[in-house]
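Sequence and computational prediction follow.
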Amino acid sequence: GFVVGHAGLYQALAMFAVAYFIIGMTVLSVCAIATNGALDAGGAYYMISRALGPEFGGSIGIMFFLANVCGSALYVLGLVEALVDSFGIPPGQKAGTGVHVLPQSYWYELLYGTVLLALCLLVCLVGASIYAKATFLIFLIVAGVLGTILVSFFATRPIGVPIRLPHFNGSETENGSFTGFSLATLRDNLGGGYGVDYTTGQMMSFSSVFAVMFNGCTGIMAGSNMSGDLKRPSYSIPRGTISAVLFTYLVYNLLAFLMCATCNRTLLQKDYGFLRDISIFPPLVTVGIYAATLSAAMSNLIGASRILYALARDDLFGRALALAKKTSASGNPVMAVILSWLVVQLVLFSGKLNTIAGVVTTFFLLVYATVNLACLALEWASAPNFRPTFRYFTWHTCLLGIAGCCVMMFLISPVSASASLGFLLVLLLALHYLSPSSTWGYISQALIFHQVRKYLLMLDVRKDHVKFWRPQMLLMVQNPRGSARLIDFVNDLKKSGLYILGHVELQDLDMLPSDPLQPQQDSWLSLVDKLNVKAFVSLTLAPSVRHGVRQLLFTSGLGGMRPNTLVLGFYDDAAPQDGLAQHPAFTSAREDVPLGFPPLRAPTAPKLLSAREYVGIVADALKMLRNVLLARQLESLDKAWELRRAASPPPSIHVWPVNLLRPDSARYADTCSLFLLQMACVLNMARAWRRARLRLFLCVEEGAMPHAQEEKLRQLLKDLRIQAQIQLVPWDTVTRLHWQTHRGPPGCPAPAGDLEEEEEAVNFPANTTQVSDEYICAANKLVLEQSPTPAVRFLYLPRPPADTSLYPLYLHQLELLTRGLGPTVLVHGVSAVTSTQL
């Protein structure tokens with residue numbers, strides 16, 4: 001009567017259609033989730049939390065709890081209103097007459113509500129079985145009353161109905177009329193005629209009437225809220241919910257039409273209890289109203305208690321809800337019921353029914369939208385295990401349900417909707433940072449997998465362009481204990497590219513009972529988390545390190561995301577240092593994650609690979625068109641100290657883009673030199689290294705027009721948009737030693753003793769000159785003398801010799817060149833990585 005009296009028949013039918021469209025889409029989602037596995041206590045909360053994870057589940061669980069609490073208070077207030085209408089002392093009278101014996105005031109109505117709520121509490125405390133019996137009895141009563149009302153519309157003769165107006169309208173009285181079936185009455189009631197709600201004194205509108213009406217449709221979750229108490233929830237919830245939705249939709253539409261055709265607008269707007277006056281048996285209508293509202297109040301109270309119990313049992317809020325876990329001997333969550341009752345009692349202080357209707361509707365709409373979102377996420381994730389037996393839904397129905405809920409939320413009350421979303425966001429953030437991890441499975445992981453697979457297929461390597469090149473690193477790590485700072489350094493070098501930590505385990509799977517890499521995977525992933533690097537982990541078994549690196553270079557990555565750069569630690573005789581135990585990520589942690597890795601190799605223990613095999617790995621990578629970086633003494637790089645020191649000038653990065661082992665071809669614009677420049681620039685672009693300054697060293701000889709070379713290099717840097725300071729370095733004294741073929745002076749160590757005389761020179765491609773140790777020591781001294789001491793140096797890495805017998809000599813010369821330089825990166829690039837185009 002309230003709805004059609006203010007909105008008219010057309011708008012009332014539109015409201016029912018919109019409301020039932022929204023809840024119809026939601027019911028389809030509920031049925032889909034409910035038939036996809038075993039349900040436990042918590043209803044919608046359980047469905048959402050197990051689908052969207054603890055953050056969404058916990059926050060929506062609280063919202064749904066509050067919605068049920070406010071809904072219970074709403075129905076209790078509705079019952080109080082009905083009681084006062086029937087038995088209240090009329091305004092202006094000090095003493096009641098006949099059945100009108102109940103005093104009317106805010107405190108008296110609060111008292112009546114408290115007593116009725118206590119009755120609901122007693123039923124819920126006994127348990128779900130008595131509740132189920134009580135609600136079934138109430139259903140029979142309401143069905144009987146409904147039958148008599150439908151008969152009354154046909155059997156009652158036209159009558160006038162005197163209306164008692166509330167006290168704030170003074171002593172005015174109006175008369176409504178029941179006209180019987182009349183075309184004129186129907187015509188008058190077709191359009192809207194919004195007036196003042198006589199219980200609150202507020203002007204009604206479409207949104208405020210819809211908010212009150214929608215609360216008559218929120219019972220669709222009553223069955224799912226009892227999921228923990230049902231014998232076969234996956235069977236009962238779909239059938240019961242769909243039947244209830246269809247039945248109530250037909251009843252609401254039928255009643256709306258009958259009321260509009262038989263009652264004038266005054267009767268509908270001014271007397272919400274008019275059905276008693278036109279009934280063939282008025283007391284039965286009163287009983288039906290009381291039974292229906294009492295049932296709804298109990299349903300919301302027991303639903304709220306089950307949600308609170310499920311939240312407490314999942315430990316999402318820790319000790320805050322610990323009390324709600326306590327149950328009776330029969331398994332009834334009595335403390336959750338009592339806590340829910342207390343909160344409902346607090347809400348009763350708000351007073352009038354229509355005051356909290358908007359808030360309740362907003363909460364329910366938000367919960368329904370999230371149920372649809374959960375089903376949509378499960379459908380879009382395309383997980384093989386999502387195969388509900390209820391198939392009458394698609395992602396379109398989920399999307400329509402979400403859109404309908406969100407639109408109606410803001411139409412009803414923009415302020416309540418915004419506040420609810422803000423509250424939801426706060427809960428989401430709090431649970432994200434404070435709640436413990438769960439083992440329910442995260443739909444976000446399934447959705448990410450689905451989207452990543454789709455975009456990886458779209459990532460076409462044939463469309464690669466040098467403008468959008470980025471380093472994709474494969475860092476080979478023998479033992480993370482000795483490589484913590486190197487792992488961190490390469491993380492700065494990747495520039496949002498792919499980063500893989502590779503490790504080769506020297507074992508034969510044929511001789512093992514199971515894969516030894518699986519137990520190690522968790523330790524490596526924990527390492528990545530603790531060091532806070534954005535890297536993947538790739539482990540492999542191989543008979544040798546060289547074979548293992550080949551495997552990883554061939555197979556690491558996926559689609560267009562494959563490593564294009566191999567990073568190795570330097571091969572020397574330095575004793576490995578355990579930098580992981582002293583790393584800040586572990587010194588502040590309580591758990592000892594580094595113990596997941598074996599201790600470092602003793603200085604006297606043999607190495608896992610030979611010098612020849614090490615150089616062979618470099619050669620393999622270059623043959624496979626991978627860029628190569630060799631990092632020496634990176635474990636001595638204290639990045640935090642270097643980059644945060646307050647001293648002036650700021651730390652520097654020294655770049656030597658000339659092949660120091662080939663002074664006869666000192667070019668700065670070949671592919672390798674440009675790649676070296678690019679890597680130094682990428683490091684300088686990393687957030688932690690932005691204070692550092694690039695210093696580029698230009699080696700010049702006498703009479704070679706150094707200023708012209710400098711200007712040419714400056715123009716190259718300008719074209720490449722690289723900001724660096726150029727420093728001229730005369731190196732005539734060094735190059736004079738280049739053509740000498742004798743060994744270096746006594747202070748400079750010689751190569752390994754078992755080399756033949758003809759192996760004294762390294763035959764580089766297109767270069768047959770001999771490079772002496774004396775020259776290399778002089779080049780090393782030249783690099784070392786440049787001040788100030790940099791945080792890190794980038795040097796040109798020449799290609800390994802074609803003759804594999806010269807590999808040890810090649811490695812020896814690299815060791816001489818980088819000896820004592822501190823953190824140094826030797827770089828060899830094989831692909832074009834710089835662009836001057838827009």
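On my side now, so go ahead.

ok, Arg693 touching Pro650?
Yes: look at Arg693 against Pro650 with Cβ atoms under 8 Å: they come within range, at 5.8 Å. Quick note: C-beta positions are derived from backbone N, CA and C, even for glycine.

so who does Phe153 touch?
If you count contacts by Cβ atoms under 8 Å, 6 or more residues apart in numbering, Phe153 has them with Phe181, Leu258, Thr262, Ile278.

What is the subsequent helix or strand relative to the strand or helix carrying it?
Phe153 belongs to helix 128-155 when assigned by DSSP states H and E. Per DSSP H and E, the first helix or strand lying C-terminal to helix 128-155 is strand 159-164.

so what does the helix or strand following that next one touch, helix or strand wise?
Counting by DSSP H and E, the next helix or strand C-terminal to strand 159-164 is strand 173-178. On a contact count with 3 or more Cβ pairs under 8 Å, 6 or more residues apart in numbering; DSSP states H and E, strand 173-178 meets strand 159-164, helix 265-270, helix 274-278.

which residues are contacting strand 173-178?
Residues outside strand 173-178 that contact it (Cβ under 8 Å, 6+ apart) are 156, 158-165, 262-264, 266-268, 270-271, 274, 277-278.

mind giving me the domain ranges of this protein?
1-94+105-434, 469-585+607-631, 638-740+768-837 (the TED database).

I'd like those as CSV, with distance to Ile448 and mean pLDDT appended.
What follows is those, written out as CSV (distance: least, Cβ to Cβ, whole Å; pLDDT from 0 to 100):
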stretch, distance to Ile448, mean pLDDT
domain 1-94+105-434, 9, 82
domain 469-585+607-631, 14, 89
domain 638-740+768-837, 25, 83
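
closest to Ser444 out of the ones you listed?
For these, proximity to Ser444 was assessed by Cβ to Cβ; domain 1-94+105-434 is nearest, at 6.4 Å.

just to revisit the earlier point, in CSV: the domains of the chain, plus distance to Pro598.
Formatted as CSV, the domains of the chain follow (distance: least, Cβ to Cβ, whole Å):
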stretch, distance to Pro598
domain 1-94+105-434, 34
domain 469-585+607-631, 7
domain 638-740+768-837, 26
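
list the buried ones in the helix or strand harbouring Leu301?
Per DSSP H and E: Leu301 is located in helix 282-313. For helix 282-313, a neighbour-count test (16 or more other Cβ atoms under 10 Å) marks 282, 284-286, 288-313 as buried.

what sits against Met213?
Phe2, Val3, Ala12, Met15, Phe16, Ala19.

Please repeat the previous calculation with a cut-off of 6 Å.
Residues in contact with Met213 (Cβ atoms under 6 Å, 6 or more residues apart in numbering) are Val3, Met15.

One more: Tyr807?
Contacts for Tyr807 were tallied using Cβ under 6 Å, 6+ apart; they are Arg612, Val615.

pretty sure it belongs to a strand, no?
No: going by DSSP: H, G, I helix; E, B strand; the rest coil, the assignment for Tyr807 is helix, not a strand.

Leu77 versus that one, what's the distance?
According to Cβ to Cβ, to the nearest Å, Tyr807 stands 88 Å off from Leu77.

coming back round to it: what's the helix holding Leu301 packed up against?
Counting contacts by 3 or more Cβ pairs under 6 Å, 6 or more residues apart in numbering; DSSP states H and E, helix 282-313 is packed against helix 44-52, helix 54-87, helix 106-126, helix 128-155, helix 222-225, helix 274-278, helix 334-347.

in the first one, what counts as buried?
What that stands for is helix 44-52. Applying 16+ other Cβ under 10 Å to helix 44-52 flags Ala44, Tyr45, Tyr46, Met47, Ile48, Ser49, Arg50, Ala51, Leu52 as buried.
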